[in-house]
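>>> sequence and predicted structure are below.
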Amino acid sequence: MNVIEFRTAGEADIAAVVDLVQSAYRGDASRQGWTTEADFLDGQRIDAGGVREVIAKPDSRIVLAERDGALVGSVQVEKIDGRGYFGMFSVRPNLQGGGIGDALLREAERVVREDLGCATMTCTVISIRAELIAWYGRRGYRSTGEFKPFPYGDERFGLPKRDDLRFEVFAKELR
């Protein structure tokens, strides 16, 4: 059975979420997929404390995608200043390209629209990630023209291998 089921992460899921997010973005394991940041960032992508903060915050949650009881994807969704935000979007590297990301993003948009009451979804993407920006563009996300600095010096976000990293903000109107 290839049905993807969604649920909200709880305290017992923290270690699995950290492992999934780390595997999707950092280290050699991430190179199996196309979302790797290993060429320009080392170190951690998230830690247990960061996941715990997301779970505990009001109007915030982590949506898990499971197939046959196994965790295959996750995404943080949050309401910030009346708009939805998603981040920490992760799919197991060996399963990327199989539609899990599409399904998970649609579920994140549904949660933000129906449960958090937002008409707009936003995200930030490291601006050098052309292939990821194109993927979001095909799903209706457009650049807002806003950029945010990369948190250089804060190892909770990784160890940069370049000095030109910054985040670009994207948005989509939800219907």
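Yes, it's here.

>>> chain center to the top strand by length along the chain, what's the gap?
In the chain, ranked by residue count with DSSP state E as the criterion, the top strand is strand 70-80. Offset of strand 70-80 from its chain centre (Cα atoms, centre = their mean, to the nearest Å): 7 Å.

>>> who are the packing partners of that strand?
Under the contact criterion of 3 or more Cβ pairs under 8 Å, 6 or more residues apart in numbering; DSSP states H and E, strand 70-80 touches helix 14-25, strand 60-67, strand 83-91, helix 100-110. To be clear about C-beta, it is placed using only N, CA and C from the backbone, and glycine gets the same treatment.

>>> contacts for the last one?
This means helix 100-110. Outside helix 100-110, the residues within contact range by Cβ atoms under 8 Å, 6 or more residues apart in numbering are 4, 6, 63, 65, 67, 72-75, 77, 84, 86, 89, 91-92, 121, 135, 139, 172, 174.

>>> cool, and stretch 125-140?
Applying Cβ under 8 Å, 6+ apart, the set of residues contacting stretch 125-140 is 34-35, 37, 40, 101-102, 105, 123, 143, 147, 150, 162, 164-168, 170, 172-173.
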